[in-house]
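>>> what's the 3D shape of this:
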Amino acid sequence: MLKEYLLSQGSATGRWSSSMPGVQICRFSLPEPEQEPLRSVPVCGAPLQFEVLFCLTGRLTVRALQGTSCTVEAPGIFLLSDSSALRSCQCSGNLSGVLIAVDAKAAKESLVTVCSTLGMKLDTRIVKKKMTARNGCTALCGTPWTQAFFETVRYLSEQEQERYCVFKSVELLYLLCTEVSESDESLSGSGCPVSHSLLEVKAYIQTHLSDKLTIALLCKQFSVSPTFLKEGFRRAYGVPIHTYLIQQRLRRAQELICTTRMSIQQIAQAVGYEGMSQFNAAFKREYGMTPGQYRKMSETATLRPF
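Below you'll find the predicted structure:
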């Protein structure tokens, strides 16, 4: 839908590129309309097409045939898998961002390669089924995942942002395959309720990986005791809080190594490591190779830099 609309607007609106078979990228900025504050976007699209809009400015609203609506505002992310259940689409005149358009059939091998590099398994049929329950679209705004994305992307060049958006689009499809309901998220592995403060701590860690996070700081931030935080987190999520923090930092580092041209030292600092030796050792323990070796492997296994 957005792909067809942007293509109809010509090259003055956006810059198109292709990162790998079946995946197109458009960095666009719609010019301000002279009269109407809103633009109407024709509702159309082919089956097995996924569109992910990383909205940098403006707002987009779609309305379903059954009367419900879905709105994404900057900074936010909009995912579309099927426009057949939609009645209308409107966007503000200042809408801009990065659109990733995925042809699931043409991109099948590319998606498998990217998922393999990131240690994920993606089933687009499950994604399609879950998106159908949402009238074919969903918006993400203000979640820990989106906050972490926009916090990271602002440090990247435009070229790196586009590459990063491709990988995060694949991760978003993967998360839809494996998502749990909000009620499930509030339960521990044993089925016991998780304290709201622990949910907040987990979200805070995900969005503050570059900060110097300590037990004392987290206890002060969320008004909990060290014993409650350490024991409660382990019971709720199955790992000590320190282990979880390291896992999240290394996963973010892995993403940045695969998707950006940031130096290894810059990446180490971006995920909260002050010393290179500590970062290299932790990364090698987790992935069996140094960050530099992992970058060379990922460049060989996946798409080359744009």
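
>>> can you give me the mean pLDDT across stretch 291-306?
Averaging pLDDT along stretch 291-306 yields 70.

>>> next one: stretch 76-85
85.

>>> buried sites along that stretch?
Neighbour counts over stretch 76-85 (16 or more other CB atoms under 10 Å) mark 76, 77, 78, 79, 80, 81, 82, 83, 85 as buried. Where C-beta positions appear, they are placed from N, C-alpha and C, glycine not excepted.

>>> contact partners for the last one?
Contact partners of residue 85, counting by CB atoms under 8 Å, 6 or more residues apart in numbering, are 64, 65, 66, 132, 135, 136.

>>> out of those, which sit inside helices?
Applying DSSP state H to these, the entries found in helices are residue 132.

>>> which one of the contacts of residue 85 is nearest to residue 233?
Of all the contacts of residue 85, residue 132 has the smallest distance to residue 233: 35.5 Å, by CB to CB.

>>> spit out the contact partners of that closest one.
Contacts for residue 132 (CB under 8 Å, 6+ apart) come out as 81, 82, 85.

>>> list just the nearest of those residues to residue 211.
Of all the contacts of residue 132, residue 211 sits closest to residue 81, with 35.2 Å by CB to CB.

>>> I'd say that closest one and residue 125 touch.
No: Residue 81 lies out of contact with residue 125 (CB atoms under 8 Å); the separation is 11.2 Å.

>>> picking that back up, dump the contacts of residue 132 to JSON lines, plus secondary structure and distance to residue 242.
Below are the contacts of residue 132 laid out as JSON lines (DSSP: H, G, I helix; E, B strand; the rest coil; distance: CB to CB, whole Å):
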{"residue": "81", "secondary structure": "coil", "distance to residue 242": "38"}
{"residue": "82", "secondary structure": "coil", "distance to residue 242": "43"}
{"residue": "85", "secondary structure": "coil", "distance to residue 242": "45"}
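
>>> quick check: domain ranges of this protein?
Split into domains by automatic domain parsing, the chain comes to 2-141, 185-301.

>>> and stretch 55-71, end to end?
11 Å (CA to CA, to the nearest Å).

>>> er, stretch 128-140 I mean
One end of stretch 128-140 sits 17 Å from the other (CA to CA).

>>> what helix or strand is residue 24 on?
Assessed by DSSP states H and E, residue 24 sits inside strand 23-29.

>>> could you point out which residue ranges in the stretch 101-250 of the chain have low pLDDT?
Applying pLDDT under 70 to the stretch 101-250 of the chain flags the ranges 117-119, 178-196.

>>> 50 instead?
180-194 (pLDDT under 50).

>>> mind listing the strands for it?
137-140 (DSSP state E, counting those that start in this stretch).

>>> just give me the longest helix of this protein.
The chain, longest helix under DSSP H: helix 158-178.

>>> for that helix, C-alpha coordinates in CSV please.
Extracted in CSV, the C-alpha atoms of helix 158-178 (Å, rounded to 0.1, in the frame of the first residue of the first chain):
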residue,chain,number,x,y,z
GLU,A,158,21.5,7.4,6.7
GLN,A,159,23.0,4.4,4.9
GLU,A,160,23.5,2.6,8.2
GLN,A,161,20.0,3.5,9.3
GLU,A,162,18.5,1.8,6.2
ARG,A,163,20.6,-1.4,6.7
TYR,A,164,19.6,-1.4,10.4
CYS,A,165,15.9,-1.0,9.5
VAL,A,166,16.1,-4.1,7.2
PHE,A,167,17.5,-6.2,10.1
LYS,A,168,15.0,-4.8,12.6
SER,A,169,12.1,-5.5,10.2
VAL,A,170,13.1,-9.1,10.1
GLU,A,171,13.4,-9.2,13.9
LEU,A,172,10.0,-7.6,14.2
LEU,A,173,8.5,-10.3,12.0
TYR,A,174,10.3,-12.9,14.2
LEU,A,175,8.9,-11.3,17.4
LEU,A,176,5.4,-11.6,15.9
CYS,A,177,6.0,-15.3,15.5
THR,A,178,7.1,-15.8,19.1
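
>>> pull out the buried residues from it.
Neighbour-count burial for helix 158-178 [16+ other CB under 10 Å]: 160-174, 176-177.
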